[in-house]
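Q: Below is the sequence, then the predicted model.
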Protein chains: 2
Amino acid sequence: MRSEHGVSLAYGLLKTLGQSIVTGEFDGKTFPTEAELCQHYGASRTVMREAVKMLSAKGLLSSRQRQGTRIEPVDNWNLLDPDVLRWLMERPFSNKIFREFAQMRLAIEPTAAALAAEVQDKRAIAQIRDGLEAMIATSGDQEAGLQADIDFHVAILKASGNPFFWRLKPLINNALQLSIQLTNQISGHTASIAAHEAVLVAIEHGDADAAKQASEAILRDSLKLIETVK
Amino acid sequence: MRSEHGVSLAYGLLKTLGQSIVTGEFDGKTFPTEAELCQHYGASRTVMREAVKMLSAKGLLSSRQRQGTRIEPVDNWNLLDPDVLRWLMERPFSNKIFREFAQMRLAIEPTAAALAAEVQDKRAIAQIRDGLEAMIATSGDQEAGLQADIDFHVAILKASGNPFFWRLKPLINNALQLSIQLTNQISGHTASIAAHEAVLVAIEHGDADAAKQASEAILRDSLKLIETVK
DNA sequence: GTGGCAATTTTATATGACAAATTTCACACG
DNA sequence: CGTGTGAAATTTGTCATATAAAATTGCCAC
């Protein structure tokens, strides 16, 4: 999806610069001027400015005439932007942010599951079931199993009917895809098919409380797993 | 904060175009080409492209050579970007999104309050108290009272120690500031000072469960208020 | 030393030119 | 009549250069 993002110079610079910023490559130094950036990366001012503007839109940079471009305080970075979160999670020693993200999921997904039980969006619920069945079917294949796990969780967000929950899809996608590097295992999904099924059944039965409990159980487990990683 | 965003041409176009997109001004029509946009808004290609790139960074647009620029499906809009959410809430008939946002707060803030009770960040807790006291002190002044209410809630997010929660600050700021237009009243904060105090006290006592319950009570009330608006 | 003016630095904007990608269209050929 | 092939057209992507505007720095007069 959106493969063109990788190819154009502007999007390439977006990624390169974004990663450099979050990994702290510019810490201490003053951020380069446009001219220096162009020189360093061999790009024209046009594309460099477009990249800087995109990073500004994500809260990482800000520019002012005569003063130059600065890296914004981390508090202003838009953590909830898929690119930003991905860059943060890709860098070494990212345990902390994985843990914090898991904690946020723990706040959101059980509520989403409860809502899904109330809303009863049949099509979306069918997608949750598809995810679960794919998890079962792919219990051998790690790669496909992870994707099925992801599909299951994001389908619940969709079934909640709330677009704010649904919008976490790309974040969860990134986080779970990358979490393997951290835990060296597929978030234990094969072990927890029963737990996942409990969520689905509760949603299908319209039992909001049970759905919430079951979802919470899954996430507490995965949070526990992440917390074992030092 | 960031006053320059209002003045420069690029940021002006960002806002104008962003609002036009979310209010559906381009629905049905094909999105204009760069040349047409420049013509229409009297801007140079340089700034127009920078504005389009920023909107692309927020998920509203995407461009491809020869094919032109298109508005992305709503599902791809980054709802969790402060600008995008603000544009959506500013448009007429935005009840739905206010309700959905309140629902998300209901998932997050009680968890944040519980975490705050556990973490015991003294400085952040002091800010929660500051917010509450400002709410009491400003019970006459609507404007200041709202700001105090906002400060109270975002201070809890900060006290949770989780940057994902903390990142909701600008969203909540926007939402509460704008909610007056919707409900024609200051989210009933004067009436609920006791409820707010209950949250603070629970956090100070390190009682996570009580903090969660009390926070949930406040948010259920404000959600109820929003739901009365047709 | 102090106020103000001038020089300097850096981003902001404008314009023109060409490159690259992708669709459209016409034409030749079977 | 279909079909593929290549040329033309369209639109964004990239580059280079010039000028404007803002804000800092420094100098100079008083």
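A: That came through, no problem.

Q: contacting residues for the residue nearest to A:A217 when sequence neighbours are not counted?
A: Using CB to CB, 6 or more residues apart in numbering or on different chains and skipping the chain neighbours, the partner closest in space to A:A217 is A:A195 (5.8 Å). Every C-beta, even on glycine, is put in place using the N, C-alpha and C of the backbone. Contacts for A:A195 were tallied using CB atoms under 8 Å, 6 or more residues apart in numbering or on different chains; they are A:A214, A:A217, A:I218, A:D221.

Q: can I see the domain layout of chain A?
A: A:4-76, A:82-228 (automatic domain parsing).

Q: and the residue nearest to A:A217, how far is that from chain B?
A: Remark: distance between A:A195 and chain B (CB to the nearest CB, to the nearest Å) = 20 Å.

Q: tell me which element that residue is part of?
A: Here A:A195 is covered by helix A:193-204, with elements defined by DSSP states H and E.

Q: Following element in sequence after that helix, please.
A: Next in sequence after helix A:193-204, counting helices and strands by DSSP H and E, comes helix A:208-228.

Q: Using the centroid of chain A, identify the residue furthest from it.
A: Here chain A has its C-alpha centre computed as a mean, and the residue farthest from that point, by CA atoms, centre = their mean, is A:R66 with 36.2 Å.

Q: Name the SS class of that one, please.
A: Taking DSSP: H, G, I helix; E, B strand; the rest coil as the rule, one finds A:R66 in the coil state.

Q: where does it fall, phi/psi-wise?
A: Here the main-chain torsion angles of A:R66 (degrees, to the nearest 10) amount to phi 70, psi -30.

Q: Would you mind stating the distance between it and chain B?
A: The value you get for A:R66 to chain B, if CB to the nearest CB is used, is 12 Å.

Q: ok, that residue to DNA strand D distance?
A: Counting by CB to the nearest atom of the strand, to the nearest Å, the separation of A:R66 from DNA strand D is 3 Å.

Q: again, but for A:V52
A: 13 Å.

Q: which bits of chain A sit near DNA strand D?
A: Contact residues of chain A with respect to DNA strand D, defined by CB under 7 Å from any atom of the strand, are listed as A:8-10, A:43-47, A:50, A:64-67.

Q: Does stretch A:28-46 reach chain B?
A: Yes. Interface with chain B: stretch A:28-46 contributes A:T46 (CB under 8 Å from any CB of the partner chain).

Q: May I see the buried residues of that stretch?
A: A:F31, A:P32, A:L37, A:C38, A:Y41, A:A43 (16 or more other CB atoms under 10 Å in any protein chain shown).

Q: Alpha carbons of the helix or strand where A:F164 lies, as CSV, please.
A: The secondary structure element spanning A:F164 is helix A:163-166 (assigned by DSSP H and E). Provided in CSV are the C-alpha atoms of helix A:163-166 (Å, rounded to 0.1, in the frame of the first residue of the first chain):
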residue,chain,number,x,y,z
PRO,A,163,-13.1,5.7,14.0
PHE,A,164,-10.7,6.7,16.7
PHE,A,165,-10.2,3.1,17.7
TRP,A,166,-10.1,2.0,14.1
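
Q: any residue of that helix up close to chain B?
A: Yes. If you take CB under 8 Å from any CB as the test, helix A:163-166 does meet chain B, through A:P163, A:F164, A:F165, A:W166.

Q: any idea which of those residues is the one closest to chain B?
A: Closest approach between the residues of helix A:163-166 next to chain B and chain B, by CB to the nearest CB: A:F164, at 4.2 Å.

Q: The closest one: what's its closest spatial neighbour, skipping adjacent residues?
A: Distance criterion CB to CB, 6+ apart; nearest residue to A:F164, sequence neighbours excluded, is B:M104 at 4.2 Å.

Q: Now the one you found: phi and psi?
A: Torsion angles at B:M104 (phi, psi; degrees, to the nearest 10) stand at phi -70, psi -40.

Q: Wait, it touches A:W166, no?
A: No. Counting by CB atoms under 8 Å, B:M104 stays clear of A:W166, with 10.6 Å between them.

Q: Counting neighbours, what do you get for A:Q142?
A: Neighbours of A:Q142 under the rule other CB atoms under 10 Å in any protein chain shown: 14.

Q: any idea of the pLDDT on it?
A: The predicted local distance difference test score for A:Q142 is 79.

Q: One more: A:Q213?
A: A:Q213 is assigned a predicted lDDT (pLDDT) of 96.

Q: after the helix holding A:F164, next one along is what?
A: From helix A:163-166 onward toward the C-terminus, using DSSP H and E, the following helix or strand is helix A:169-183.

Q: got the buried residues for that following helix?
A: Within helix A:169-183, the residues scored as buried using 16+ other CB under 10 Å are A:K169, A:P170, A:L171, A:I172, A:N173, A:N174, A:A175, A:L176, A:L178, A:S179, A:L182, A:T183.

Q: helices or strands next to that helix in the packing?
A: Packed against helix A:169-183 by the contact rule (3 or more CB pairs under 8 Å, 6 or more residues apart in numbering or on different chains; DSSP states H and E) you find helix A:82-90, helix A:95-119, helix A:142-159, helix A:208-228.

Q: switch to 6 Å and redo it
A: In terms of contacts (3 or more CB pairs under 6 Å, 6 or more residues apart in numbering or on different chains; DSSP states H and E), helix A:169-183 is packed against helix A:82-90, helix A:142-159.

Q: Could you tell me the least trusted of the ones you listed?
A: Mean pLDDT is lowest for helix A:142-159 out of the helices and strands packed on helix A:169-183, coming in at a mean of 92.

Q: How about the residues of chain A by DNA strand C?
A: Contact residues, chain A versus DNA strand C (CB under 7 Å from any atom of the strand): A:4, A:33-35, A:45-46, A:49, A:63-69.

Q: mind running it again at 10 Å?
A: Within chain A, the positions near DNA strand C by CB under 10 Å from any atom of the strand are A:3-4, A:7-8, A:30-38, A:44-46, A:48-49, A:52-53, A:56, A:61-70.
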